[in-house]
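Novice: Structure, please.
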Amino acid sequence: HLPAWGPCTYGAGGGCASVSPNERGSRGWLHVLTVRATDGDAGANADLLYRLLNAGGPNEVFEIDPRSGVIRTRGPVDREAVEAYELLVEAADQGQEPGPRSATATVRIAVEDDNDNAPQFSEKRYVARVPEDVAPNSAVLRVTATDRDKGSNALVHYSIVSGNSRGHFYIDAQTGALDVVSPLDYEDTAQRPPGLCHRPRLGAQWPGLLHLPRRR
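Specialist: This is a model prediction of the structure:
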């Protein structure tokens with residue numbers, strides 16, 4: 001008999017269901033899943049060994065225990081580098097006549113995103129010049145940041161973390177638009193220090209500088 005993969009456990013037609021290890025949890029040895037095939041023969045003809053047929057290239061971060069069928073990581077996975085892997089697993093018996101018989105199954109591994117990237121601003125430095133008598137609710141500039149993570153981990157929220165103790169400025173948390181919301185005074189507001197682009201776990205400051213020409 002040929003080795004057989006269990007129905008549904010690994011998907012119809014020998015295609016294994018997707019599993020999703022978290023990229024943060026895969027820094028070392030991480031159990032991903034266990035594959036298992038059966039053989040209707042006896043003795044060596046039913047003694048199955050497993051191996052990965054495409055273990056090179058990106059797939060080299062995975063290995064399989066030849067006896068147990070446990071697939072695990074042997075190094076870190078990074079969703080930003082490779083979002084998904086496809087492993088071809090062989091189950092082969094140890095029969096001698098007419099020789100070993102084998103069957104294959106495909107394991108598709110999608111890497112779950114971890115919040116492991118800080119937002120990056122589109123500019124290294126933002127500079128704006130506004131007159132001292134600028135009207136309240138006037139736009140100053142807009143900052144833009146992007147994040148390499150995925151889904152909710154890629155959502156960027158903006159806020160001012162310093163230099164705004166008198167509340168002269170407001171930044172839209174969603175768009176990054178910075179506005180003047182109250183009258184300015186040169187002696188009090190000659191230069192404005194950075195604000196913050198943040199999310200629950202990681203943040204990045206923008207080196208912004210606001211020049212306020214003195215009113216004559």
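
Novice: What is the neighbour count of residue 139?
Specialist: Look at residue 139: counted by other Cβ atoms under 10 Å, it has 12 neighbours. For the C-beta atoms, the positions are set from N, CA and C on the backbone; glycine is no exception.

Novice: How about the contacts made by it?
Specialist: Residues in contact with residue 139 (Cβ atoms under 8 Å, 6 or more residues apart in numbering) are 177, 178, 179.

Novice: who wins for neighbours among these?
Specialist: In the contacts of residue 139, the most neighbours by other Cβ under 10 Å go to residue 178, 23 neighbours.

Novice: Dig out what that one forms beta bridges with.
Specialist: residue 141, residue 171 (DSSP bridges).

Novice: what's the answer for residue 62, then?
Specialist: When bridges are called by DSSP bridges, residue 62 pairs up with residue 73.

Novice: right, and it touches residue 111 too?
Specialist: No: applying Cβ atoms under 8 Å, one finds residue 62 not in contact with residue 111, separated by 11.4 Å.

Novice: intersection of neighbour lists for these two?
Specialist: Listed as contacting both residue 62 and residue 111 by Cβ under 8 Å, 6+ apart are residue 85.

Novice: Residue 59: what secondary structure?
Specialist: When classified by DSSP: H, G, I helix; E, B strand; the rest coil, residue 59 comes out as helix.

Novice: that's a helix at residue 44, yeah?
Specialist: Yes: checked against three-state DSSP, residue 44 lies within a helix.

Novice: what residues are up against it?
Specialist: By Cβ under 8 Å, 6+ apart, residue 44 lies in contact with 93, 94, 95, 96.

Novice: can you tell me how far it sits from residue 101?
Specialist: For residue 44, the distance to residue 101 equals 11 Å [Cβ to Cβ, to the nearest Å].

Novice: Residues that sit against both of the two, list them.
Specialist: Shared contacts of residue 44 and residue 101, defined by Cβ under 8 Å, 6+ apart, comprise 93, 95.

Novice: If anything else comes up later, I'll come back, but that's it for now.
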